[in-house]
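S.K.: heads up, no residue letters with this:
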């Protein structure tokens, strides 16, 4: 990963899972929008929700990242950063979301900074991951997959033998 603190990487992945879970399968955009609107309202009203994931979840769709390079630099350190500088690197496309961000930034600037960076990393995944998509890498992955293929070939119940002692099925 390109200079991204492991905790930010983790939070970004968690944000993706939270969004996916909220959307559901099949995706229900109406419910998703209600959840986002509710969270934005809570944060804008000064609710003391001290949850990085919920704040980044609420803001992710509304933030415009005006300084991607600066935000990537902020992602290098999870515990120490510059909240005021980070806030200047984004803008909001929604008045309620902007109010929510301002309210949280006033009460807990570090939470706002972390939520902005987390949302940025989630929305710009390709800017910071170092995934190798070369032919050699794909071949290595395929070769490694062949080693685990034997497990896929097992018949159902194959590894259940250990559940029974020498008396066989009498214990069931």
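M.R.: Now that the structure is in, tell me what you want to look at. Predicted model only: the values in this text are computed from it and were never measured.
S.K.: give me the below-cutoff pLDDT ranges for this protein.
M.R.: Scanning the chain for pLDDT under 70 picks out 1-2, 126-172.
S.K.: just the helices from it, written as ranges.
M.R.: 6-23, 29-44, 52-59, 68-74, 83-88, 95-107, 109-123, 125-128, 135-147, 149-152 (DSSP state H).
S.K.: including mean neighbour count, could those helices go into TSV?
M.R.: For the C-beta atoms, the positions are set from N, CA and C on the backbone; glycine is no exception. Formatted as TSV, these follow (neighbours: other C-beta atoms under 10 Å):
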stretch	mean neighbour count
helix 6-23	16
helix 29-44	16
helix 52-59	23
helix 68-74	18
helix 83-88	16
helix 95-107	18
helix 109-123	24
helix 125-128	13
helix 135-147	9
helix 149-152	8
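S.K.: now residue 99: closest residue in space, sequence neighbours ignored.
M.R.: Leaving aside its chain neighbours, residue 99 sits nearest to residue 44 (4.4 Å; criterion: C-beta to C-beta, 6 or more residues apart in numbering).
S.K.: now do the contacts for that neighbour.
M.R.: Going by C-beta atoms under 8 Å, 6 or more residues apart in numbering, residue 44 touches 96, 99-100, 103.
S.K.: list just the nearest of those residues to residue 89.
M.R.: Taking C-beta to C-beta as the measure, residue 89 lies nearest residue 100 of the contacts of residue 44, at 17.2 Å.
S.K.: now do the closest one against residue 39, distance only.
M.R.: As defined by C-beta to C-beta, to the nearest Å, residue 100 lies at a distance of 8 Å from residue 39.
S.K.: next, show the common contact partners of the two.
M.R.: Residues touching both residue 100 and residue 39 by C-beta under 8 Å, 6+ apart: residue 58.
S.K.: circling back: which of the contacts of residue 44 lies closest to residue 84?
M.R.: Comparing the contacts of residue 44 against residue 84 with C-beta to C-beta places residue 103 closest, at 15.5 Å.
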